[in-house]
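J.: quick one, fold the following:
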Amino acid sequence: METKPLIVERSYNAPIERVWKAITDKEQMKEWYFELEEFRPEKGFKFRFTGGDENVQYLHECEVIVVDPPNKLSYSWTYPELSGYSVVTFELFSEGATRTRLRLSHEGIESFPKDDPNFAIASFTKGWNEIIGELLRKYVEQN
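T.: Below you'll find the model as predicted:
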């Protein structure tokens, strides 16, 4: 069975350096992403956070896999209590001095439990559209 990654693309009225800092600086990430105890954009760096909805929260365990400033950041995305392994990749493309296109891909979603709607592609699509399409856009365009 061939699987395709979830891909979300958005363009922002912000320079690439501002967007890169927003996705790699722990203090900025807590303003639009998740509350991370620690984060460093270094290959092999491991971090954890809790996220979910009003009904259930999940512990996420991640490890930075690729760092290529200011163009690419990838990290694993797993849940210690569940089977499955996925990878989230942020790719940034400068569109002139004041605009940036972000392409987020989330591969491996199909490896998570299929009997829980929180791990359905629709749930991840909704979440990433809100995070990348609304929260990050608002943050980088207003700061």
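
J.: where in the protein is pLDDT low?
T.: Screening the chain residue by residue with the criterion pLDDT under 70, one finds the ranges 1-2.

J.: now the longest strand along the chain: buried residues?
T.: Selection of the longest strand in the chain by residue count, based on DSSP state E, yields strand 57-68. When neighbours are counted by 16 or more other C-beta atoms under 10 Å, the buried residues of strand 57-68 are found to be Y58, H60, C62, V64, V67. Every C-beta, even on glycine, is put in place using the N, C-alpha and C of the backbone.

J.: got those as JSON lines, with distance to W128 columns?
T.: Formatted as JSON lines, those follow (distance: C-beta to C-beta, whole Å):
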{"residue": "Y58", "distance to W128": "15"}
{"residue": "H60", "distance to W128": "14"}
{"residue": "C62", "distance to W128": "15"}
{"residue": "V64", "distance to W128": "19"}
{"residue": "V67", "distance to W128": "20"}
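
J.: ok, of the residues you listed, which one's closest to P113?
T.: Comparing the buried residues of strand 57-68 against P113 with C-beta to C-beta places Y58 closest, at 11.1 Å.

J.: gap between the longest strand of the chain and the chain center?
T.: 9 Å (C-alpha atoms, centre = their mean, to the nearest Å).

J.: what's the helix or strand just after that strand packed up against?
T.: For strand 57-68, the following helix or strand on the C-terminal side (DSSP states H and E) is strand 72-77. Counting by 3 or more C-beta pairs under 8 Å, 6 or more residues apart in numbering; DSSP states H and E, the packing neighbours recorded for strand 72-77 are strand 57-68, strand 86-94.
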